[in-house]
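Enquirer: below are the sequence and a predicted model for it; my questions follow.
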Amino acid sequence: MKYPIEENLPYARLAIIVLAVSAFAIIMLHLQILQEERYLTENYEDSYREYRKHVFHYLGRR
């Protein structure tokens, strides 16, 4: 006899796989952004800091 949870088990596995893949993609995107920011800071330090200050001011961040 099957319980309702056994009928939905493939969907739960699929949901876990989708969540894992999306979390991995978000982490990779975040790492890429950090690498690009590090590159800009190292090569265009003053102008990038000034640009970042204006962008964060526009977005309402410090």
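Expert: All right, it came through fine.
Enquirer: output the below-cut-off pLDDT ranges for this protein.
Expert: 1-3, 5-6, 8, 62 (pLDDT under 70).
Enquirer: report the central residue of it.
Expert: A centroid search over the chain (Cα atoms, centre = their mean) returns Ile26, at 3.0 Å, as the residue closest to the centre.
Enquirer: so how far is Glu37 from that one?
Expert: The gap separating Ile26 from Glu37 is 16 Å, by Cβ to Cβ, to the nearest Å. Using the backbone N, CA and C atoms, a C-beta is placed for each residue, glycine as well.
Enquirer: which other helices and strands does the one helix or strand Ile26 maps to contact?
Expert: Assigned by DSSP states H and E, Ile26 falls within helix 4-43. Helices and strands touching helix 4-43, by 3 or more Cβ pairs under 8 Å, 6 or more residues apart in numbering; DSSP states H and E, are helix 45-59.
Enquirer: which strands and helices lie in contact with the helix it packs on?
Expert: In terms of contacts (3+ Cβ pairs under 8 Å, 6+ apart), helix 45-59 is packed against helix 4-43.
Enquirer: what's the angle between the helix holding Ile26 and helix 45-59?
Expert: Helix 4-43 runs at 130 degrees relative to helix 45-59, counting by axes from the mean of the first three to the mean of the last three Cα atoms, to 10 degrees.
Enquirer: list the buried residues of helix 4-43.
Expert: By neighbour count on 16 or more other Cβ atoms under 10 Å, the buried set for helix 4-43 is empty.
Enquirer: many thanks, have a good one.
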